[in-house]
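Asks: Structural data only, the sequence is not supplied:
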């Protein structure tokens, strides 16, 4: 074992494998998000990740709060704010992958677009 640690070839292989793992982790953000959404739905946890945008006006904040309340109370869906106005590209890809699967599964589950429904109800109030 000690002789392996002295081998230049072993250190080069370790460096290449480490680099590949880092690059693979970074580029797999969207598929990881999609996988996590499937796992969450399988265990009965329903969520949509939100991020970005400028600070909302008081009216927009009130409507968003009502929208979140309706999703939570009617359908058990939580809105999870994962970032504010500055969003890392990897996090955005993860959230987009997660949401693509989560939204589709929820629309299939309820047979209608619950997001449009709750947004319209929140806007009316």
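Replies: Noted; the coordinates are in hand. Predicted model only: the values in this text are computed from it and were never measured.
Asks: how close does the residue nearest to residue 46 when sequence neighbours are not counted sit to residue 69?
Replies: Of all residues not flanking residue 46 in the chain, residue 77 sits nearest, at 4.5 Å (CB to CB, 6 or more residues apart in numbering). All C-beta spots, glycine's among them, are computed from the backbone N, C-alpha and C. Plainly put, residue 77 is 11 Å away from residue 69 if you go by CB to CB, to the nearest Å.
Asks: Between these two, tell me which one has more neighbours.
Replies: Remark: of residue 77 and residue 69, residue 77 carries more neighbours, 22 against 15, as counted by other CB atoms under 10 Å.
Asks: hang on, isn't residue 114 packed against residue 77?
Replies: Yes: assessed by CB atoms under 8 Å, residue 114 is found in contact with residue 77 at 7.3 Å.
Asks: what is in contact with these two at once?
Replies: 71, 106 (CB atoms under 8 Å, 6 or more residues apart in numbering).
Asks: what kind of secondary structure is residue 112 in?
Replies: coil (DSSP: H, G, I helix; E, B strand; the rest coil).
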